[in-house]
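*Asks:* Predicted structure and sequence below. I'll ask about it afterward.
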Amino acid sequence: MSGIVRYYQNRTRTPGQMITDKDDAPLAPDTPQASGTPLTHDAPQALNDTLFRLTRAVLFKMDPERAHDIALRAASHSIVKSINRKRYATNGSAVTCMGLDLPNCVGLAAGLDKNGDYIDALGAMGFGFIEIGTITPKPQQGNPQPRLFRLKEHNALINRMGFNNMGVDHLVKQAEKRQFKGCLGINIGKNASTAIDDAENDYLTCLEKVYASADYITVNVSSPNTQGLRDLQHGERLRSLLDCLKNAQSNLATRHGQYKPVVVKIAPDMSDAELSEFCTTVLEFEIDGVIAGNTTSERSMVAGSQHANESGGLSGAPIRALADDRMAVVATQLDGKAALIGVGGIFSGGHAALKRQLGADLVQLYTGLIYHGPALVRDCIRKTT
Ligand SMILES: Cc1cc2nc3c(=O)[nH]c(=O)nc-3n(C[C@H](O)[C@H](O)[C@H](O)COP(=O)(O)O)c2cc1C
């Protein structure tokens, strides 16, 4: 067990008193919630949620990556989009964050729509904002398959996709075609073939190219699947990256006549001291916000599971306590001086509401959507309204 996990398990913390044992328990796969039954029990929604449950049973028999592709393609069909819009688009409370007006505070986390091919299909599920990417300057294939694993008994995934994407030019074309009325975040990274010492050039290239089409831009320095990337979260490398991105943001704001917020996405595997140093740097360079956080390299919470030893990042229900704990530390450090987006392990509206209580301005989810479908988005919007 790593120091960090021992730390968050043993820690006596004031905000943590709001996290009860019940909240922390991962949903068992045979509970009605985990099998896709509506998280809120409105009779007219029952048919749709049963349909989701049946679809999920079929998809979960397939290879996970293939199932994701099929599900996204199906969700893009105009009939499915219109059903989703009717069933799942819930009126949430509008929020303003980093100067952006969002229809609600619930967003899709990066990685599900890496190329921006499914923005409107995902928007039909009710999200207030959608983050596409991670995108890199040049297209790249990512790691060899298999690279995505389901840990069904834990409601979790392990992935080592390695930024498989079609390159920034393709993504920009897709983003420009969108009809989605919520906000669009574009998450940027570096190509695997770019040395870590040259990473700044890749981030700058992406920032310049996506600036006009994004509502905000996320700098991903926390994927565990690109060698050396997480080094950019610390010390001089972080300072130099944020310095050059901040200058570029300022020049782009002048050129385009519009300021677009830049946020940095971090790993939940950072110690208190590392988070403190990170947040000080973020505030020094006047970065607009932080996303806490990405997948974890930790495995103690899924030890013994069939795929527990696969390399990559773990996401989903088992990482929620860790993600909440690390995010609460960031909230204290930022003290409201930069925006905070909370991600990791949201499987119910209550979890989303708790992240807000712990200091998140906005929340995002990914793995919960795979296990619960759009009913989860609706539940999160209702519980955070
Ligand atoms: C298959 C998969 C691919 C992901 N790809 C990215 C990515 O490209 N960029 C990124 O910033 N985060 C990526 N993530 C991390 C998610 O955005 C999110 O931070 C993480 O999964 C924790 O949230 P969750 O527990 O709700 O899934 C990915 C996650 C998964 C499961």
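*Replies:* Looks like it came in fine. Everything numeric here is computed off the predicted structure, so don't read it as measured data.

*Asks:* residues contacting the spatially most central residue of the chain?
*Replies:* Central residue of the chain (C-alpha atoms, centre = their mean): Ala109, 2.5 Å from the mean position. For Ala109, the contacting residues are Glu131, Val343, Gln364, Leu365, Tyr366, by C-beta atoms under 8 Å, 6 or more residues apart in numbering. Every residue, glycine included, has its C-beta placed from N, CA and C.

*Asks:* and the helix or strand where Ala121 lies, average pLDDT?
*Replies:* Using DSSP states H and E, Ala121 sits within helix 119-123. Mean pLDDT, computed over helix 119-123, is 97.

*Asks:* Contacts for the helix or strand that that helix is followed by, please.
*Replies:* Later in the chain than helix 119-123, the nearest helix or strand by DSSP H and E is strand 129-135. Outside of strand 129-135, the residues within contact range by C-beta under 8 Å, 6+ apart are 100, 102, 107-111, 113-116, 119, 122-123, 163, 165, 167-168, 171, 174-175, 180, 182-189, 206, 210, 215, 218, 220, 223, 362, 364.

*Asks:* Those in strands, which ones?
*Replies:* With strands taken from DSSP state E, the overlap with the contacts of strand 129-135 comprises 100, 102, 107-108, 183-188, 218, 220, 362, 364.

*Asks:* Not counting its neighbours along the chain, what's nearest Thr280?
*Replies:* Excluding its sequence neighbours, the residue lying closest to Thr280 (C-beta to C-beta, 6 or more residues apart in numbering) is Gln333, at 7.6 Å.

*Asks:* cool, Asn155 as well?
*Replies:* Leaving aside its sequence neighbours, Asn155 sits nearest to Ala317 (C-beta to C-beta, 6+ apart; 3.9 Å).

*Asks:* again with Leu275
*Replies:* For Leu275, the spatially nearest residue (C-beta to C-beta, 6+ apart) is Val329, at 5.0 Å.

*Asks:* Distance of the one you found relative to the ligand?
*Replies:* Separation of Val329 from the ligand (C-beta to the nearest ligand atom, to the nearest Å) stands at 17 Å.

*Asks:* My understanding was that Ala199 contacts Cys244; is that so?
*Replies:* No. In this structure Ala199 lies outside contact range of Cys244 using C-beta atoms under 8 Å: 10.4 Å.

*Asks:* residues contacting Asp113?
*Replies:* Leu72, Ile119, Leu122, Ile130, Ile132.

*Asks:* one more time with 10 Å, if that's ok
*Replies:* Leu72, Ile119, Ala121, Leu122, Ile130, Glu131, Ile132, Gly133, Leu171, Gln174 (C-beta atoms under 10 Å, 6 or more residues apart in numbering).

*Asks:* And Arg255, by the same measure?
*Replies:* Glu208, Tyr211, Ala212.

*Asks:* quick one: secondary structure of it?
*Replies:* helix (DSSP: H, G, I helix; E, B strand; the rest coil).

*Asks:* what about it, distance to Leu72?
*Replies:* 34 Å (C-beta to C-beta, to the nearest Å).

*Asks:* Which residue does the chain have closest to the ligand?
*Replies:* Gly111 (2.1 Å; C-beta to the nearest ligand atom).

*Asks:* quick revisit: of Ala199 and Cys244, which one has the most company?
*Replies:* The residue with more neighbours, out of Ala199 and Cys244, is Ala199; 22 against 16, by other C-beta atoms under 10 Å.

*Asks:* Can you tell me the closest non-neighbouring residue to that one?
*Replies:* Nearest to Ala199 is Lys190, by C-beta to C-beta, 6+ apart, at 4.5 Å.

*Asks:* which residues touch the one you found?
*Replies:* Taking C-beta under 10 Å, 6+ apart as the criterion, Lys190 is in contact with 134, 136-137, 163, 196, 198-203, 205-206, 220-221, 223, 226, 228-229, 232.

*Asks:* Does anything pack onto the helix holding Ala121? Which helices or strands?
*Replies:* Judged by 3 or more C-beta pairs under 10 Å, 6 or more residues apart in numbering; DSSP states H and E, helix 119-123 is in contact with helix 64-76, helix 78-88, strand 106-108, strand 129-135, helix 168-176.

*Asks:* Ile287: which of the ones you listed is closest?
*Replies:* Proximity to Ile287 (C-beta to C-beta) singles out strand 129-135 among the helices and strands packed on helix 119-123, at 16.3 Å.

*Asks:* got the CA coordinates for the helix or strand that the closest one is followed by in CSV?
*Replies:* Sequence-wise, the next helix or strand downstream of strand 129-135 (DSSP H and E) is strand 148-151. What follows is strand 148-151, C-alpha atoms only, in CSV (Å, rounded to 0.1, in the frame of the first residue of the first chain):
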residue,chain,number,x,y,z
LEU,A,148,-8.8,-1.1,-21.5
PHE,A,149,-10.0,-3.4,-18.8
ARG,A,150,-13.3,-3.7,-16.8
LEU,A,151,-13.1,-4.6,-13.1
